[in-house]
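Colleague: need a 3D model of the sequence below.
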Amino acid sequence: MSEISRADVEHLAKLAHIAMTDAELEKMTSELGVIVDSVKQVQEAAGADVPATSHPLPLTNVFREDVVGHVFTAEESLANAPDAEDSRFKVPAILDGE
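Modeller: As a prediction, the model looks like this:
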């Protein structure tokens, strides 16, 4: 079992301004102990010959080249618009003039 004690959990709860009952303190003490033990196991598994990784599989850039394609003119863009004015889409006002 880990070195996490009930007093440690009480101290952490006080620092975090978390009110905990006796039952919650006991439960959290055992849960934090399991977490600390699990982290220790992982640390033991990774030796000096194992390189640190941020992802288990090698990543490659999957983005395509940014190439400009067909660009619509203002007239083409507004061809099917319900309402247009001065080469812009015209929409109903939703705010007052204030």
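Colleague: can you get me a residue count around residue 24?
Modeller: Neighbours of residue 24 under the rule other C-beta atoms under 10 Å: 13. Yep, even glycine has a C-beta here, placed from its N, CA and C like the rest.
Colleague: state the distance from it to residue 44.
Modeller: 30 Å (C-beta to C-beta, to the nearest Å).
Colleague: and what of residue 32?
Modeller: 19 Å.
Colleague: neighbour-wise, which of these two wins?
Modeller: Between residue 32 and residue 44, counted using other C-beta under 10 Å, the more crowded position is residue 32 (16 against 8).
Colleague: skip the chain neighbours and tell me the closest residue to that one.
Modeller: Leaving aside its sequence neighbours, residue 32 sits nearest to residue 4 (C-beta to C-beta, 6 or more residues apart in numbering; 4.7 Å).
Colleague: the one you found: neighbour count?
Modeller: Residue neighbour count, defined by other C-beta under 10 Å, stands at 19 for residue 4.
Colleague: so what's it up against?
Modeller: Taking C-beta atoms under 8 Å, 6 or more residues apart in numbering as the criterion, residue 4 is in contact with 29, 32, 33, 36.
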